[in-house]
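Chemist: just the structure for this:
(one chain, ligands or ions: 1)
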Amino acid sequence: MAFYRITYNEKYDFATLHNWGCTFRCPYCSYKLRSGAEGRPGFAVPKPEKFLTVDEQKKALLEVKPSKVYFMGGEPTVATELEEMIVFAKKELGAETKLGHTNGCKLPLRCLDGANVGFKAWSEELHLQITGKPKSLIYDNFRNAFEVGMKMAANMVYIPGFVDLDELEGCVKFIAALDKNIPFHIDGYIPIPGQPYRRPSDEEMGRAESLVKSYLPNCRYSHLTSEEALDLSARDDRFRVKRIAGV
Ligand code: SF4
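Modeler: From the prediction side, this is the model:
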């Protein structure tokens, strides 16, 4: 696949390239909230009508010359031109390059400065159940990316009774053994229609935060309702962007 949209945030001077598609099949994927495909497994977002060519992507970036270029999805490493665009952003624009959200399947990458990896589970069986892929791929890639000097951050969706505190704890212990200053974000599960899971209570989020902070002090969390998740720009000006290319 390829990138289909580029947005720009003037205040923070970053551009984001958006890719369609993912290699995982997480049942609780929040991208489904907008898609009308909530009952289907995995990413399940309708395919865009048109994708951008590499020349169109470079032209749009040259017009704004952002100091930071982020790559998002779905899963951005699905884009066949990702590596070319990372090298372009780094070498031609002199920009900081980051995978703003990735499942960690393809790390590290040349000229990539940082990545925010969404871990799914700590136990092997649950990871396989959620993603359809082995856990070692993601955890080994995260360690390798950290060891080559990439600026790493991580997150996990907390779902009481499914991806519970023991899963969070295993993951954050692994990360803390690399560096306890790595930032970690707990995503309180956002209810997806058609899925059987429930949103954590305020008290459960508090307990999750205390647990993670005992290993990784640089921990934050979000606890959004489905409605709030559909209007992120009202809560955070990093989401106030203009589209500079694509659909
Ligand atoms: S890895 Fe992320 S984008 Fe892909 S299916 Fe899972 S939650 Fe959705």
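
Chemist: mind checking how far the lowest-mean-pLDDT helix or strand in the chain is from the chain centre?
Modeler: Taking mean pLDDT, DSSP states H and E as the measure, the chain has helix 226-229 as its least confident helix or strand, at a mean of 90. Between the centre of helix 226-229 and the centre of its chain there are 17 Å (CA atoms, centre = their mean, to the nearest Å).

Chemist: any idea which residue is closest to the centre of this protein?
Modeler: Closest to where the C-alpha atoms of the chain average out (CA atoms, centre = their mean) is His101, at 2.1 Å.

Chemist: show me where the protein has its strands.
Modeler: Using DSSP state E, the strands of the chain run over 3-9, 14-19, 68-72, 96-102, 114-119, 151-158, 184-188, 219-222, 242-246.

Chemist: including distance to the ligand and mean pLDDT, could the ones you listed go into a markdown table?
Modeler: In short, each C-beta sits where N, CA and C put it, glycine included. Shown next, in a markdown table, are the strands of the chain (distance: least, CB to the nearest ligand atom, whole Å; pLDDT from 0 to 100):
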| stretch | distance to the ligand | mean pLDDT |
| --- | --- | --- |
| strand 3-9 | 15 | 97 |
| strand 14-19 | 10 | 97 |
| strand 68-72 | 9 | 97 |
| strand 96-102 | 7 | 97 |
| strand 114-119 | 6 | 98 |
| strand 151-158 | 7 | 98 |
| strand 184-188 | 10 | 98 |
| strand 219-222 | 14 | 97 |
| strand 242-246 | 18 | 96 |
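
Chemist: which one of the ones you listed is the most hemmed in?
Modeler: With neighbours defined as mean count of other CB atoms under 10 Å, these peak in mean count at strand 14-19, which reaches a mean of 24.
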